[in-house]
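*Asks:* 3D, please:
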Amino acid sequence: MSASNNQNNESLTMGISHVGLAVTDIDSSFAFFQALGYSKIGGVESYPSYFLSDGHVMLTLWQTDEGANSFDRRKNVGLHHLAIRVPSLEALQAAFEKVSAVEGVKVEFAPQELKGTPLHHAMVYEPAGNRIELTFHSA
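*Replies:* Have a look, this model is predicted:
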């Protein structure tokens, strides 16, 4: 739908409420997001989960059963990656360094410019294997 077509229709949504991630070790994944400044604001004991917030966005972490299958972004339909925005290049580097130090994190690439865009980004896998992009938009 083009932007001009949407001008005549009022949006029925207000943005993303939260993103829920299935994780293999809820405490290890929480340590990853805690390194970025997220705090636990709730959860559900009967289906082990943590609800997290950085004051801007809510994430939910859901404990998988033992032996859960890993997600392959090229072979499965689902979440390709979660992009988390930071306020500056310095914050991008600091966030990358903090999460890279969390046990179980795998680095896909360190902060770099995305050629032809005003974007700088880094890509890591949090301990459960979810692909997380850290982004800074310079324009």
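
*Asks:* Residue 133 in helix, strand or coil?
*Replies:* Of the three states, residue 133 takes strand under DSSP: H, G, I helix; E, B strand; the rest coil.

*Asks:* ok, the nearest residue to it once chain neighbours are set aside to residue 134 distance?
*Replies:* Distance criterion C-beta to C-beta, 6 or more residues apart in numbering; nearest residue to residue 133, sequence neighbours excluded, is residue 83 at 4.2 Å. Bear in mind the C-beta positions are built from the backbone N, C-alpha and C, glycine included. The gap separating residue 83 from residue 134 is 8 Å, by C-beta to C-beta, to the nearest Å.

*Asks:* So which of those two has more stuff around it?
*Replies:* residue 134 (22 against 13; other C-beta atoms under 10 Å).

*Asks:* okay but the more buried one is in contact with residue 86, surely?
*Replies:* Yes - counting by C-beta atoms under 8 Å, residue 134 touches residue 86, with 6.0 Å between them.
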